[in-house]
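K.L.:
How does the following fold in three dimensions:
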Amino acid sequence: MKHNSSIQSGRTIAERREKLETASERAETHKKNRTKQILRVTFTVVGFIAVAFGIVRLAIFFFTPDSADPEPDVITVTPKPTIEIIDEDTGTGDTNITSRMRDYIGQAEIDFRDLAYNPVKAVIPKGAIREVDFYLEGYNGYIKMTIDRDTAVSVEDADRMLHYLRLHGHINEFTYVDVRIEGKAYWK
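P.N.:
Now for the predicted structure:
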């Protein structure tokens, strides 16, 4: 039995695999590999740009309002007071008071009405810059408030104090309720 060998006599294994490459063949192979690498990088960059462009387009589509449905303009209406305003410094009505004071009185009037109170007049005490005293229908005393606090909070504090006075039988005895300081209320 004869055994066939893959090794040929007089030749090495490496000889069969090696092929002499000329300088021009090596340069051509290098050039092809370089071209492939440039194309790969180019297509990758173009792909990323296309994906980024698509994401931006989707974001614009979903997060910009339709031109057919414009957002309505927000109009802030400053409430005008309808109650009598007395400035004790001048002895006149609301002609000499600041617009901030006038706006505060108008908003406080609305807030009192929302809690079922009927404000009758607002008095700016002599020498006071930020204080306003509110007189309510059916009450002998008045409510001292300051324009430095929100009207809703001050009116709510006054409401709590009036409930307290009513509950303890002092509702007809108080001269004033002072709600100018946050978290505290006084009555006399």
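K.L.:
Show me the longest helix that occurs in this structure.
P.N.:
helix 23-63 (DSSP state H).
K.L.:
what is the rounded mean pLDDT of the following helix or strand past it?
P.N.:
Once the chain leaves helix 23-63, the next helix or strand it forms, by DSSP states H and E, is strand 84-87. The average of the pLDDT scores along strand 84-87 is 89.
K.L.:
cool, and stretch 124-131?
P.N.:
On average, stretch 124-131 scores 89.
K.L.:
Buried residues in it, which are they?
P.N.:
124, 131 (16 or more other CB atoms under 10 Å). Every residue, glycine included, has its C-beta placed from N, CA and C.
K.L.:
same question, stretch 154-169
P.N.:
Quick answer for stretch 154-169 (16+ other CB under 10 Å): 154-155, 157-159, 161-162, 165.
K.L.:
Please narrow those residues to those residing in helices.
P.N.:
154-155, 157-159, 161-162, 165.
K.L.:
any idea which of those residues is closest to residue 183?
P.N.:
Nearest to residue 183, judged by CB to CB, of these is residue 157 at 8.7 Å.
K.L.:
ok, now how distant is the closest residue in space to the closest one that isn't next to it in sequence from residue 155?
P.N.:
In space, and not counting its chain neighbours, residue 157 is closest to residue 179: 4.1 Å by CB to CB, 6 or more residues apart in numbering. Relative to residue 155, residue 179 is positioned 8 Å away (CB to CB, to the nearest Å).
K.L.:
got any residues that touch both of these two?
P.N.:
residue 145 (CB atoms under 8 Å, 6 or more residues apart in numbering).
K.L.:
quick one on the thing from earlier: next one: the longest helix of the chain to chain centre, how far?
P.N.:
In terms of CA atoms, centre = their mean, to the nearest Å, the centre of helix 23-63 is set 42 Å apart from its chain centre.
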